[in-house]
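1. kindly generate the corresponding structure for this input.
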Amino acid sequence: MIDVGLFVGNMEKMVTFYRDVLNFETGWDGGLFATFKKDTDQLFMFDRKHFAESIGETYVPPSGINLTMEMYMRFATNEVDQEYERLSALNVRIIEELSTKPWGQRNFFIADPEGNIIEIGD
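-> As a prediction, the model looks like this:
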């Protein structure tokens, strides 16, 4: 994966989700900025309001599923079924149920606490 940066509204909630639910290793959690790593994937988080103000923009809070960005993140695993069961047991919001696509890929989609869509697949 290419390194990804997310703008977030509730840093504490998002850090907790990516660290404790998706099992990302926290590299830095400085309140307005956080970094994570899982395998070769890196994720950066920026406090949305602080970032907007730092570049002279007016902060306008987004809402709804995937209205915070026009893309989604994908994390690969060889244990798709186990990860689906684990995240389901944690009551993570499942956007698309686990399935095998006609081209053979097995995956599912979830939403993080701020509605960013994440694909988890093989």
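2. measure the residue nearest to residue 81 when sequence neighbours are not counted to residue 4 for me?
-> Once flanking residues are discounted, residue 81 sits nearest to residue 98: 6.8 Å by CB to CB, 6 or more residues apart in numbering. Yep, even glycine has a C-beta here, placed from its N, CA and C like the rest. Per CB to CB, to the nearest Å, residue 98 is found 23 Å from residue 4.
3. more neighbours: which of those two?
-> Neighbours were counted for residue 98 and for residue 4 using other CB atoms under 10 Å; residue 98 has more, 18 against 15.
4. contact partners for that one?
-> By CB atoms under 8 Å, 6 or more residues apart in numbering, the contact list for residue 98 reads 80, 81, 84, 106, 107, 108.
5. buried set for the biggest helix by length in the chain?
-> The single longest helix within the chain, with elements called by DSSP state H, is helix 80-89. Buried residues in helix 80-89, counted by 16 or more other CB atoms under 10 Å: 80, 83, 84, 87.
6. low pLDDT regions in this structure?
-> The chain contains residues with pLDDT under 70 at 1-2, 63-71.
7. was I right about residue 111 contacting residue 87?
-> No. With contact defined as CB atoms under 8 Å, residue 111 does not reach residue 87; the gap is 11.0 Å.
8. what ranges does this protein have for its helices?
-> Using DSSP H, the helices found in the chain span residues 11-16, 48-54, 80-89.
9. can you tell me which of those helices is nearest to residue 36?
-> Residue 36 sits nearest to helix 11-16 of all the helices of the chain, at 8.3 Å, using CB to CB.
10. tell me the buried residues in that closest one?
-> Within helix 11-16, the residues scored as buried using 16+ other CB under 10 Å are 11, 14, 15.
11. so what's residue 5 up against?
-> Contact analysis of residue 5 by CB under 8 Å, 6+ apart lists 43, 44, 45, 46.
12. so which of these are in strands?
-> 43, 44, 45, 46 (DSSP state E).
13. wait, the last one sits on residue 8?
-> Yes. Because the distance of 7.1 Å satisfies CB under 8 Å, residue 46 is recorded as touching residue 8.
14. nearest to residue 39, of the buried residues of helix 80-89?
-> residue 83 (13.0 Å).
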